[in-house]
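Chemist: Dropping the sequence and predicted coords here.
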Amino acid sequence: MGTVRCGMKKTRSNIRDDSDQEFIMELKRKNDTDSLYLEKCHAADGSEVPLLKYPLLEKTGMVEHCFSTRMGGVSEGIFSSMNLSFTRGDDREAVEMNFHRIAEAMGVPFEKMVFTDQTHTTCVRKVTGADAGKGLLRERDYRDVDGIITDEAGLVLCAFFADCVPLYFVDPVHRAIGLSHSGWRGTVKRMGEKTVQALKDAYGTRPEDLICAIGPSICVDCYEVSADVADAFYAAFPGREKEILRDKGNGKYQLDLWRANELILSDAGVRPEHIATTNLCTCCNDRYLFSHRASHGKRGNLGAFLMLRP
């Protein structure tokens, strides 16, 4: 395990070397891949907002995307500082300001954000301009939606995390995108495959064309699970259990959600070279990324964001 040294870009602002160096040098990575990098942007008020991004998604030239960190917001206490949850007890005005800062730092429209409604399902919803602002500026008229897809430019897909796995999908041929939440329940029920199928059904997406990313989430070394969870994965991944489970011999197992989601996407027809997998663990980096496990539930939420460019 080392520190993240992957190409911090200065494309939107001048950046103070001292604060950036501290952030990069202390953000632990699990391997030496350059699957994602840190970009520090500026909000309209001049505040610095660090965002994590995937070169593989950027190479498509057709999306804006990011994964947030704890840094750059206005929330306080256990929510410090870029909390993106309205439901965990934080001040609503602070959370709204955090979303404004994310939108400004990304260069995307605040009012066009549309939220999932995550309850660990494998339900995927097609969203359109009529859904803009749902979850942020107005109530959602849908429930139990852990994945959202669209082919409308300018609509910002938003999903939320604090150890579970973010899944990004970009179809450069049919100009369609998707964003999904996949915890252990979603993973064992193959949320990645369900999202691929939803894109196929809605837009004619071919899995081999998809460009995907597996976002920052809890790593195998930090994710101990009980035998009932392990049994569910044994049943769901016959013959490949050793790739995703480590038996500790005491009724406990270490579960590799990153590898499990790679297998799911590959099984769905996504090319391995079209999958960028995180090397950042939320639990290992709980100073900079919210982690439910590391904080024992006393935390805010991180956000994944994805938008088709006009």
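Modeler: Ah, there it is.
Chemist: is it true that Leu289 touches Met82?
Modeler: No - the pair Leu289 / Met82 is not scored as a contact, 10.0 Å apart, by C-beta atoms under 8 Å. C-beta here means a position set from N, CA and C on the backbone, and glycine is covered the same way.
Chemist: got any residues that touch both of these two?
Modeler: Counting by C-beta atoms under 8 Å, 6 or more residues apart in numbering, the shared contacts of Leu289 and Met82 are 69-70, 302.
Chemist: Switch those residues over to CSV; also include pLDDT.
Modeler: Output for these, formatted as CSV (pLDDT from 0 to 100):
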residue, pLDDT
Thr69, 97
Arg70, 96
Leu302, 98
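Chemist: can you redo those residues as a markdown table with secondary structure and distance to Glu104?
Modeler: Formatted as a markdown table, these follow (DSSP: H, G, I helix; E, B strand; the rest coil; distance: C-beta to C-beta, whole Å):
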| residue | secondary structure | distance to Glu104 |
| --- | --- | --- |
| Thr69 | coil | 16 |
| Arg70 | coil | 18 |
| Leu302 | strand | 18 |
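Chemist: Tell me the one of those residues nearest Pro216?
Modeler: Minimum distance to Pro216 across these is 7.4 Å, recorded for Leu302 (C-beta to C-beta).
Chemist: Go ahead and confirm that closest one touches Phe67.
Modeler: Yes - between Leu302 and Phe67 there is a contact at 6.7 Å, judged by C-beta under 8 Å.
Chemist: With neighbour numbers in mind, choose between the two.
Modeler: Between Leu302 and Phe67, counted using other C-beta atoms under 10 Å, Leu302 has the larger neighbour count: 29 against 24.
Chemist: Does the more buried one have any beta-bridge partners, and if so which?
Modeler: Counting by DSSP bridges, Leu302 is bridged to Phe161.
Chemist: ok, now which ones touch it?
Modeler: 67-70, 82, 84, 160-162, 216, 282, 289-290.
Chemist: so how far is Asn83 from it?
Modeler: Distance from Leu302 to Asn83, counting by C-beta to C-beta, to the nearest Å: 9 Å.
Chemist: Just the helices from the stretch 101-250 of the chain, written as ranges.
Modeler: 184-188, 191-203, 227-236, 241-244 (DSSP state H, counting those that start in this stretch).
Chemist: These into a markdown table, with extra columns for distance to Val124, mean neighbour count and mean pLDDT?
Modeler: Listed next are the helices of the stretch 101-250 of the chain as a markdown table, based on distance: least, C-beta to C-beta, whole Å; neighbours: other C-beta atoms under 10 Å; pLDDT from 0 to 100:
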| stretch | distance to Val124 | mean neighbour count | mean pLDDT |
| --- | --- | --- | --- |
| helix 184-188 | 11 | 22 | 98 |
| helix 191-203 | 4 | 22 | 98 |
| helix 227-236 | 19 | 15 | 98 |
| helix 241-244 | 23 | 15 | 96 |
